[in-house]
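[1] What follows is a predicted structure for the sequence shown.
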Amino acid sequence: VQLQASGGGLVQAGGSLRLSCAASGHTLSTLTMHWHRQAPGREREFVAAIRWSARTTYYADSMKGRVTISRDSTKNTVYLQMNSLKPEDTAVYYCAAKHGSTWSRSPDYWGQGTLVTVSS
């Protein structure tokens, strides 16, 4: 599975950003797609996931209510819409994928990260 994340950048606190992850190389219907993030000096953490075939979604408590994960099957792309961003959301955001129907802290495949910087 190849994953290409994009959409990161600099945004002011309170602003919004949408990340994209283009996926290829596997039957996506058997995967659960993830977003994780890693802030400076911290461990990588789960943000959100979506089961490709059923659109079932999972969210970490830290961002629940401020992020929405979705997917577009016509474009083989997963999105992470982030609203009301805070400086503590500054991190490298990673797209990932896992075989199966639920989320995991250790997905099977990782894409490169995209940096999100939230200024105060």
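    Yes, it's here.
[2] Give me the neighbour count for Gln12.
    Other residues near Gln12 number 10, with proximity taken as other Cβ atoms under 10 Å. Yep, even glycine has a C-beta here, placed from its N, CA and C like the rest.
[3] Surely it touches Thr90?
    No - in this structure, Gln12 is not within contact of Thr90 by Cβ atoms under 8 Å, at 11.8 Å.
[4] Give the intersection of the neighbour lists for those two.
    Shared contacts of Gln12 and Thr90 (Cβ atoms under 8 Å, 6 or more residues apart in numbering): Val118.
[5] Geometrically speaking, which residue is the centre of this structure?
    Trp35 (2.4 Å; Cα atoms, centre = their mean).
[6] model confidence over stretch 65-79, on average?
    On average, the pLDDT along stretch 65-79 is 95.
[7] Run through who's touching that stretch.
    Here stretch 65-79 has contacts from 18-24, 28, 33, 35, 47-50, 52, 55, 57, 59, 80-85, 95, using Cβ under 8 Å, 6+ apart.
[8] what about 7 Å?
    Outside of stretch 65-79, the residues within contact range by Cβ atoms under 7 Å, 6 or more residues apart in numbering are 18-24, 28, 33, 35, 47-50, 52, 57, 59, 80-84, 95.
[9] Just these: which are in strands?
    Judged by DSSP state E, the subset of the contacts of stretch 65-79 located in strands is 18-24, 33, 35, 47-50, 57, 59, 80-82, 95.
[10] Mind checking which of those are buried?
    Buried subset of the ones in strands among the contacts of stretch 65-79 (neighbour count, 16 or more other Cβ atoms under 10 Å): 19-21, 23, 33, 35, 47-50, 57, 59, 80, 82, 95.
[11] Of the residues you listed, just say which sits nearest to Trp103.
    Ala49 (3.7 Å; Cβ to Cβ).
[12] From what I see, that closest one and Ser101 are in contact.
    No - Ala49 lies out of contact with Ser101 (Cβ atoms under 7 Å); the separation is 10.3 Å.
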